[in-house]
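Trainee: Got a sequence here, can you model it:
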Amino acid sequence: MPPHEDHPVHVHTVQASAQARRFSVWLDQLRACDLSFAEASTLHPDEMGEWQAGVYLLTGCEPVWLQLGGCVLAERSLQAAVDELDQPQRWWSPGEEAAIRWAAHFWDLRHSGPGFPSEFGHFHFRRWVNACHLYKRTAPTLTITNRGVR
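Mentor: I've put the predicted structure just below:
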């Protein structure tokens with residue numbers, strides 16, 4: 001029998017544990033950079049990817065968060081995003097509507113398929129990519145920073 005370290009179950013367990021640690025560190029970094037996200041994201045467990053993804057998109061879009069954030073926090077639910085799509089209370093820009101649509105989709109996958117978020121500007125597109133990682137509870141494979149750039 002091969003040594004214990006080479007056993008497939010052991011290897012999988014070690015890899016899963018390392019991925020969970022990387023995700024936890026990455027999630028902490030996202031929270032440290034965005035206080036609104038930090039406040040909202042801790043209302044549900046880190047493992048609840050639909051919550052983490054949805055609130056990350058909403059908190060990253062200030063007009064949307066100003067309008068819906070109070071309900072989201074009070075109800076501990078993204079139902080306000082679903083309701084806003086069903087019966088809009090105001091006009092939203094295409095990027096704002098896309099953030100609401102994707103947050104609603106992450107929360108309730110049966111809600112209208114949002115399509116590829118081509119309406120997003122660069123900032124919101126990056127947040128969408130991060131939201132996809134949050135939904136799947138996996139840290140990005142490669143993180144690019146501006147360290148050392150002059």
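Trainee: Could I get the full set of strands for this protein?
Mentor: Remark: no strands are assigned in the chain by DSSP state E.
Trainee: any chance you could map the helices in it?
Mentor: 8-33, 35-41, 49-59, 62-75, 79-86, 94-107, 122-136 (DSSP state H).
Trainee: so which of those is the most packed in?
Mentor: Of all these, helix 49-59 has the most neighbours on average by mean count of other Cβ atoms under 10 Å, namely a mean of 26. Yep, even glycine has a C-beta here, placed from its N, CA and C like the rest.
Trainee: Look up the pLDDT of the residue nearest the centre of the chain for me, please.
Mentor: Taking Cα atoms, centre = their mean as the criterion, residue 53 is the residue nearest the geometric centre of the chain, at 2.1 Å. Confidence at residue 53, expressed as pLDDT, is 96.
Trainee: Point out where this structure drops to low pLDDT.
Mentor: 1-16, 111-120, 142-150 (pLDDT under 70).
Trainee: how does it look with 50?
Mentor: 10-12, 146-150 (pLDDT under 50).
Trainee: give the contact list for the spatially closest residue to residue 73 that is not a sequence neighbour.
Mentor: Once flanking residues are discounted, residue 73 sits nearest to residue 40: 6.1 Å by Cβ to Cβ, 6 or more residues apart in numbering. Residue 40 makes contact with 55, 58, 59, 69, 72, 73, according to Cβ atoms under 8 Å, 6 or more residues apart in numbering.
Trainee: Apply 7 Å and report the result again.
Mentor: Listed by Cβ atoms under 7 Å, 6 or more residues apart in numbering, the contact set of residue 40 reads 55, 59, 72, 73.
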